[in-house]
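Student: Make a model of this:
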Amino acid sequence: MLNKRKEDPSMAFFLLMALASIPLFLAASLLFYSRSVNTKSFSIFLFLISLWQMGIAVLYSQDVFTITVIDWLFRFFRSGPIFLMPVMYILGVLMVKQNPELAAFRKIFRMKWFVILIAISTIVYLVNFTVAGINGYESVQDGMYSPEHMMPLYGELNITFMINTLLVITNTFLFAIAASRIQTRTLKTFYLQISIGSIFIFINGVLSAFSPLPLYFSSFNSIIIAILLFLSYVRMQSGMLIQANDHLARQRTLLEKIMDINPNYLAVIDQNNQIIRLNDSICELLSVSKEQLTHQDLSALLAIRELNPEQDRMLTRSGELRYVKWSFETIELDDREVYTLFIGVDYTEQKQNERLLLESEKSKVVGELAASIAHEIRNPLTTVRGLIQLAKEKTEDPKLENIILNEIDRIVEVLKELLLLARPEAKDEQEENKEIINVAEELENIHFLYQSVAIKENKVIAIENLLKSNGLINIQKSHFKQIMINFLKNSLEATVPESKIKIKVDLTGENIRIRIIDNGKGIAKSRLSRIGEPYYTNKEKGTGIGMAVCFKLIRDNHGDIKVNSKMNWGTTITVMFPKASLGNQVNQSI
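Tutor: Alright, predicted model coming up:
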């Protein structure tokens, strides 16, 4: 091999140029796959190493170029080692900027210092083209390990190049110290490898001019280090890509969870009209699973009988009435992918609130009307009753007058109910007149009063007390009796002879629960929702006021009522009142 070198000295030049092109090829390949700031900076770093080694290769080209060409090329390629100094510094600036834990190094790695270092390297490079930088070359004869080559003779201002080299080594040491503080292991390893590799390249390049080893020996080492740094960079990028993918996967999971808990009904359709994502809300609404419709055509979704985008009102498979407004939104990603978001906004609660508000307004109007009528009727009615009582005292047979008085009293009771329904101040008065009553005792009293009526009609009223502690509630005694008597009378009227009416009392949570259960004819579903509305009744001679008053009294006393019924099976009325404590009873008595 040595003999071949002596016979063909130009072979060394072409071999070294080929080796020096490797970092250049690596830099170009990085830019082909990525254009990030980090990639561009690292590519410039490899490019400058390539120029540095090309300058060394030119010193072996005396059999290829003239001394003038060699001089010009060597001075040009010397930009590699000179401008490596600011490039190493800008790598440090980027590293500190991208890692918050390196905030303490921001005073060292700043852009204004980078501008100054660029200016220094530019001056050194310009000096390089003068005789004060390089004033000639000398020929070095063949050695045992090296073919014949040229060695530059440096001028008196070559010290600027040495200062530049000292600065790049200093920058690299500072770079290594900062890199050691990075918390991310992948980044920390890569930046430390850059700093260690760079220090090795610079020191090896400086010593190669003064050591007995061949000049090209530093080229081999530099290229090997460049390849290792390239592989390290690729490994670092791969690690960051894996981390980014993990982060994106977590973000996607988060977005899917947000989509699933969204109360609106959502379905994502791709440009091929395929369903790619459904949220839990729409699956629950339509009683389907995601697996049934995902990757199916949109027509499969629209074919579900309950879903009709043209109508706002829909009845679910569970029999629940929902009001849903359907719409479509187009989503474009990078002008290449187009998706359609199928959105359903549920406004059932709004509809219910509107209905409740309407009923409230109706009740208010009816109440005001009832109050005005009641006041107008009570005054003359009182006069009529007084006159009839006077006439009764003068009549030998007061039977007719008794009937008239009873009917007048009944009219007065109806008027009282009308006033209770109408007066807005009734609630405040109730709060003032509340008392602590024992539910079980009051129900026993009502049972005693109505037991004779039940026996007369061949019916049974039974009380089942399941309370293990006190059954105290806070309500006016007269109001509680009015509520229970009204419900009990309705049950008696709805049942046939030999029927049984059961009153069950128990505790559920913090509420006393009272259930009045009968096996009467029941109430149709269409009428259940209207129970409690003023003047709505199924009775021929009923007014519908009694149930409305009961509902109002229960709600005014923070209670709740629920009516369940099935035709020809019976009805269950469940009333719940908050349980009162014994302490409240003591305070009230004081």
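Student: Any buried residues in stretch 150-169, and which?
Tutor: 150, 152, 154-155, 157-158, 160-161, 164-165, 167-169 (16 or more other Cβ atoms under 10 Å). The way it works is simple: take the backbone N, C-alpha and C, and place the C-beta from them, glycine included.
Student: number of nearby residues for residue 562?
Tutor: Residue neighbour count, defined by other Cβ atoms under 10 Å, stands at 10 for residue 562.
Student: what about the host helix or strand of it, average pLDDT?
Tutor: Assigned by DSSP states H and E, residue 562 belongs to strand 560-566. Across strand 560-566, pLDDT averages out at 88.
Student: who does it touch, helix- and strand-wise?
Tutor: Identification of packing neighbours for strand 560-566 by 3 or more Cβ pairs under 8 Å, 6 or more residues apart in numbering; DSSP states H and E yields helix 545-556, strand 570-578.
Student: and the angle for it with strand 570-578?
Tutor: Angle, strand 560-566 to strand 570-578, by axes from the mean of the first three to the mean of the last three Cα atoms, to 10 degrees: 170 degrees.
Student: Strand 560-566 pairs with which strands, and in what direction?
Tutor: Strand pairing for strand 560-566, using DSSP bridges, gives strand 570-578 (antiparallel).
Student: What residues sit buried inside the partner strand?
Tutor: For strand 570-578, by 16+ other Cβ under 10 Å, it's 570-577.
Student: Next: stretch 32-44.
Tutor: Residues 38-39, 41-44 are the ones in stretch 32-44 that count as buried (16+ other Cβ under 10 Å).
Student: can you give me the helices for the stretch 151-300 of the chain?
Tutor: With DSSP state H, counting those that start in this stretch, the ranges of helices along the stretch 151-300 of the chain come out as 159-179, 185-208, 217-261, 280-286, 290-293, 298-302.
Student: Could you dump the ones you listed into JSON lines and include mean pLDDT and distance to residue 99?
Tutor: Below are the helices of the stretch 151-300 of the chain laid out as JSON lines (pLDDT from 0 to 100; distance: least, Cβ to Cβ, whole Å):
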{"stretch": "helix 159-179", "mean pLDDT": "88", "distance to residue 99": "9"}
{"stretch": "helix 185-208", "mean pLDDT": "77", "distance to residue 99": "7"}
{"stretch": "helix 217-261", "mean pLDDT": "78", "distance to residue 99": "13"}
{"stretch": "helix 280-286", "mean pLDDT": "84", "distance to residue 99": "40"}
{"stretch": "helix 290-293", "mean pLDDT": "83", "distance to residue 99": "41"}
{"stretch": "helix 298-302", "mean pLDDT": "80", "distance to residue 99": "47"}
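Student: Check the contact between residue 179 and residue 191; I expect there is one.
Tutor: Yes - counting by Cβ atoms under 8 Å, residue 179 touches residue 191, with 3.6 Å between them.
Student: what sits in contact with each of those two?
Tutor: residue 95 (Cβ atoms under 8 Å, 6 or more residues apart in numbering).
Student: re the thing from before, okay, the strand holding residue 562 in PDB with CA atoms only?
Tutor: Written as PDB, here are the backbone C-alpha positions of strand 560-566 (Å, rounded to 0.1, in the frame of the first residue of the first chain):
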ATOM      1  CA  ASP A 560     -92.000  15.900  47.100                       C
ATOM      2  CA  ILE A 561     -94.800  14.000  45.500                       C
ATOM      3  CA  LYS A 562     -94.900  11.200  42.900                       C
ATOM      4  CA  VAL A 563     -97.900   9.400  41.500                       C
ATOM      5  CA  ASN A 564     -97.500   6.000  39.900                       C
ATOM      6  CA  SER A 565    -100.500   4.200  38.400                       C
ATOM      7  CA  LYS A 566    -101.500   1.500  36.100                       C
END
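Student: Could you name the helices and strands sitting against whichever strand or helix holds residue 90?
Tutor: Using DSSP H and E, residue 90 sits within helix 79-98. Counting contacts by 3+ Cβ pairs under 8 Å, 6+ apart, helix 79-98 packs against helix 37-58, helix 111-128, helix 159-179, helix 185-208.
Student: Now tabulate the helices of the stretch 151-300 of the chain in CSV and tack on distance to residue 11.
Tutor: Listed next are those as CSV, based on distance: least, Cβ to Cβ, whole Å:
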stretch, distance to residue 11
helix 159-179, 30
helix 185-208, 20
helix 217-261, 15
helix 280-286, 73
helix 290-293, 69
helix 298-302, 70
